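Novice: Attaching a predicted model along with its sequence, questions to come.
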Amino acid sequence: MSEPAPAAAPAAAPVEAQGKRPASAGAEPAAAKKSDTTSKGVAHLKPEFILLNENSGDTRASAPEYNDEEQSTSSRLESQPSIQQNGKKQNSKKKKRGQNKNRDNRQAREQHALCSKFVSNTDASCPFGDKCRFVHDVREYLDKKAPEIKTDFFPVCPVWKSLGYCPMGYKCCFLSSHCDLDTLELKGLCDEDGRKQLFEENHEINHIAGETKYDLIKRKFPFTKSDYILEIIDAIQQENRDSTNMSKGPEATAEEDTSKKDEEISAQADEQNNQISEKREKQREIYLKYHDTRFFAQEKKKLDLHHKKIVSPLTTVGNLPYRRLMRKLGADVTYSEMALAVPLIQGTNSEWALPKAHCSEFPGFGVQIACSKTWQAAKAAEALAANVSGVSEINLNSGCPIDLLYRQGSGSALLDNPARMIRCLNGMNYVSNDIPVTVKIRTGTREGHPIALSITKRLVMETDVAAITLHGRTRQQRYTKSADWDYVGEVADAVRVYEAEKQEDKEARDGQKLQFVGNGDCNNWEDWYKHLENKNMDSVMVARGALIKPWIFEEVDAQQYMDKSATERLEILKDYCQFAMDHWGTDQYGISQCRRYFCDFMSFYHRYVPMGICERYPVLLNERPPNWKGRNDLETLLGSTDSNDWLKLSEMFFGKVSDEFVFTPKHKSNSFATN
Ligand SMILES: Cc1cc2nc3c(=O)[nH]c(=O)nc-3n(C[C@H](O)[C@H](O)[C@H](O)COP(=O)(O)O)c2cc1C
C-alpha cells in the first residue's frame, strides 16, 4: 500500500524535517557529492540512493535534459501535405540537439496476414477469391503465425475477458485462451446478456459513420451552417477592411490610384469590377444586419470546470487508453489529442480516430482542434457536432508552439492574429449546435511580450467562449522557464472585471459564467490548491504532472502525498496495458501499437522520483535527479532512463519483443543500445 505523507506538508520541505528519513548506513559516499545535488534544478535525494557512476558500476545513463516539447515529430502531423511548403522540408538544417527528429514509430503489418473475412470464421468466402492477397486458410495462417503471448499479468486474452469475446479472432496473440486449437472452434466468455453488460461498462464512443466519412472524402458533406456563417463573417471582415482603407486617408488612396492609372483596364476587368461591386453590396447588407462576428444562435450545454480535475490535451501520449487510465485514477475532464481541422474536413481516418473516447470519459470530454483559417474552424466544428455525440466542448488550440503548425498560422500563431482567432471561435460557436466552444492560449508568442491579457479581453467582449485555459508560458520560451502564475492570476482577475463589464449582455445570451483555467508546471496537490486560492481561477489543468505521476488527482483528493510502491506503480502500468489492448487489439499489429505507446508513456512515467528516496519533496518538474537507485530492483527499473529497459518492462505485459518492432525514443540519450 502507498504510504500517505502528512497532510499540509509545506512545499519543498525537507523530508528529514517531516521525520520521514530512515537512518541509513550508506550515506557516506554521496555526502561528498552533496554540493552537486543541492544546486538549482536538481532534485534532492537521500544520499544512500544516489549512484556515483564511476564507482558503482551502474550502467544507466545520466538523466537526460528534459525536453517536453509537444511531439512535433508525430508522423501524423508530418504527413500533412500542407505542412511542408513547396515540397521542401522546412528548417532541415535546424536540428534539435539530442532529439531524434523525424522518428517514425509506425509498426510493420504481418507478412502472412489473414483475410478479414476469415478472422472468426474458417468457412467464410471472400469476394476477391484467389486474387485476394491475404491468407484464406486459417490453418496455414496459424502455422506461420508468431508464437503466442503468455505473461503472468495476462495469462488469458485480456480483451476476451473484458468484452466477453475477442474481436481479433484467430489473429489474437492470446488465441489459445479462446479457441480450441484442434477444432478451431472460437469460445465466447459469456452469453449475449453478459456481453451486453460488459459492453455497457466498456465501449468506445464517437465513431463517425463510414458513409459520412465517405461524403467528407468526396466533398459531398453538406456544410450548410458553415457556408451560412462564413458568408456573414466574410461580409463583416470586408466591411472592416473597407473602413480601414478609408481611414488610411487621402494620401494613401492617391498613391494606390496613381499606380492603377498605369494599368490598362480592359472590358473584362470592368465586368469583374461590376461583379465585385455587387458582391460588396450584398456583403454590406449582411454587415448592416449582423454587425459583429458574434452571431449567436444556439443554446449551449452548460460547461462546468469549477474545481474539476483536468488533464491537458496531449498529442501522442494523451491517447484513449491513457485518458481512460486517468479517468480511473480520478480525472474529471480529459481532452482528445489535437486534431487538425483540414484532415477532419477531408475525412482522413487517422484524424477521425482522435475524437474517439472511452465511455468513461463522457461527459467531461473535450475535442481539441487546430486550424489557421475561419473556414477550417467552422467546417471542422460542424463535422464534429454533426457526427459525434460524446463531446462536452470543442476546444480551439491557440497555444501549440510546434514550428510546422506555427508557420501555417495555426496553434500559437493565432495569438498574433487575435481577430482571426475570434472569427474562428465565433464560426465554431455558430455551427457546434449545443456543444460549448472553448479556447486554450499561452501568455504570448514572444518572450517578454505577454499579450494574453489583451487577448482575453477581446475573447470576453467579442466571443461567447465558455472557457479559456491559459498556459503561463510564451511560445518562445517553450519549457525553459517556469510558468508565470502571477501573470495567469492577473488574467484570471481581469476576466472577472471584463465579464462584469459585459454582464448584462452575457446574461441575456446564456447566463453562464465564463470558466477560467490556469495551466503550467502543476505536478502536486499543494500547487493545485495554491493556484485555486485565487477565487477567480476555476481550475488547474495538469499535463506532464499527470504523465509522470498519474495518481496526482488521488493526492489532490486526499490532500496528501502518496509514496506509491513500485508494485503499485506496476499495477498502474498493467491497467494502461489492459486499456491499450482493449483499444488497439490483441493481434500482432495491435500489440506492436500497444508496446510503442507504452514506451512513449514510459518516457514520462520513468521520470517519477519516488517520494521515499527524496530528501526534499515534492520534486519539481524542472528538477532532474542525479543517477539514483530505488528501494528495490523494480523501483530502479521503473526509473530507468534507458528505452531498452522500457522494452523490458513492456515484455512483462506483451511478451517478447518481435524482430519487426520499431521504437525510437524522442531523446537520443534514452536510446543507447545494449544489445
Ligand atoms: C507531450 C506533450 C504533448 C502535448 N500536446 C498538446 C496538445 O495536443 N494540445 C495542447 O493544447 N497542448 C499540448 N501540450 C501542452 C500541454 O497541454 C500543457 O499546456 C503544457 O505541457 C503545460 O502544462 P504542464 O506544465 O502541466 O506540463 C502537450 C504537452 C506535452 C508535454
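Specialist: Here it is on my side, so go on.
Novice: could you list every residue that touches Arg446?
Specialist: Residues in contact with Arg446, defined by CB atoms under 8 Å, 6 or more residues apart in numbering, are Thr474, Arg475, Gln476. Using the backbone N, CA and C atoms, a C-beta is placed for each residue, glycine as well.
Novice: Correct me if wrong: Val135 contacts Cys115.
Specialist: Yes: if you go by CB atoms under 8 Å, Val135 and Cys115 touch, sitting 6.3 Å apart.
Novice: Find the residue closest to the closest residue to the ligand within the stretch 151-300 of the chain in space, skipping its chain neighbours.
Specialist: With CB to the nearest ligand atom as the measure, Asn206 is the residue of the stretch 151-300 of the chain nearest to the ligand, at 17.0 Å. The shortest distance from Asn206 to any non-neighbouring residue, by CB to CB, 6 or more residues apart in numbering, is to Val388 (4.0 Å).
Novice: Give me the phi and psi angles of the one you found.
Specialist: When read as degrees, to the nearest 10, the backbone of Val388 gives phi -130, psi 130.
Novice: Kindly report the same for the one 5 residues further on.
Specialist: Dihedral angles of Glu393 (phi, psi; degrees, to the nearest 10) stand at phi -160, psi 150.
Novice: show me the contacts for the closest residue in space to it that isn't next to it in sequence.
Specialist: Ranked by CB to CB, 6+ apart and with sequence neighbours excluded, the top spatial neighbour of Glu393 is Gly366, at 4.3 Å. When contacts are counted by CB under 8 Å, 6+ apart, Gly366 touches Pro313, Val333, Thr334, Tyr335, Ser336, Val391, Ser392, Glu393, Ile394, Asn395, Thr438.
Novice: Gly318: which of the contacts of Arg446 is nearest?
Specialist: Arg475 (19.9 Å; CB to CB).
Novice: ok, now how distant is that closest one from the ligand?
Specialist: To the ligand, Arg475 is 11 Å away according to CB to the nearest ligand atom, to the nearest Å.
Novice: what sits against that residue?
Specialist: Contact analysis of Arg475 by CB under 8 Å, 6+ apart lists Gly399, Pro401, Tyr406, Ser412, Leu415, Arg442, Gly444, Thr445, Arg446.
Novice: so which of those is the most crowded?
Specialist: Arg442 (28 neighbours; other CB atoms under 10 Å).
Novice: Can you tell me who it pairs with across the strands?
Specialist: His471 (DSSP bridges).
Novice: That one and Asp416 touch, don't they?
Specialist: No: counting by CB under 8 Å, Arg442 stays clear of Asp416, with 11.2 Å between them.
Novice: pLDDT wise, what is the residue in the stretch 351-500 of the chain that the ligand sits nearest to at?
Specialist: Closest approach between the stretch 351-500 of the chain and the ligand, counting by CB to the nearest ligand atom: His471, at 4.1 Å. Here the pLDDT value assigned to His471 is 98.
Novice: Ok, Lys549 next?
Specialist: 98.
Novice: Provide the secondary structure category for the residue nearest to Glu393.
Specialist: At Gly366 the chain is in strand, as set by DSSP: H, G, I helix; E, B strand; the rest coil.
Novice: try Ile468
Specialist: With three-state DSSP as the criterion, Ile468 reads strand.
Novice: Quick one: name the residues of the chain near the ligand.
Specialist: 68, 70-71, 312-315, 317, 337-338, 368, 397, 399-400, 440, 471, 519-522, 542-545 (CB under 6 Å from any ligand atom).
Novice: what's the domain layout of the chain?
Specialist: Domain assignment for the chain, taken from automatic domain parsing, gives 3-69+612-670, 116-210, 336-515.
Novice: looking at those domains, which is buried most?
Specialist: domain 336-515 (a mean of 21; mean count of other CB atoms under 10 Å).
Novice: How far off centre is that domain?
Specialist: How far domain 336-515 lies from its chain's middle: 14 Å, per CA atoms, centre = their mean, to the nearest Å.
Novice: ends of it, how far apart?
Specialist: Distance between the two ends of domain 336-515: 19 Å, counting by CA to CA, to the nearest Å.
Novice: likewise stretch 349-365?
Specialist: This stretch, stretch 349-365, spans 20 Å end to end (CA to CA).
Novice: Just the residues contacting it, thanks.
Specialist: Contact with stretch 349-365 is made by 76, 201-208, 213, 308, 320, 323-324, 327-328, 332-340, 343-344, 367, 384, 388, 390-392, 579, 583, as judged by CB under 8 Å, 6+ apart.
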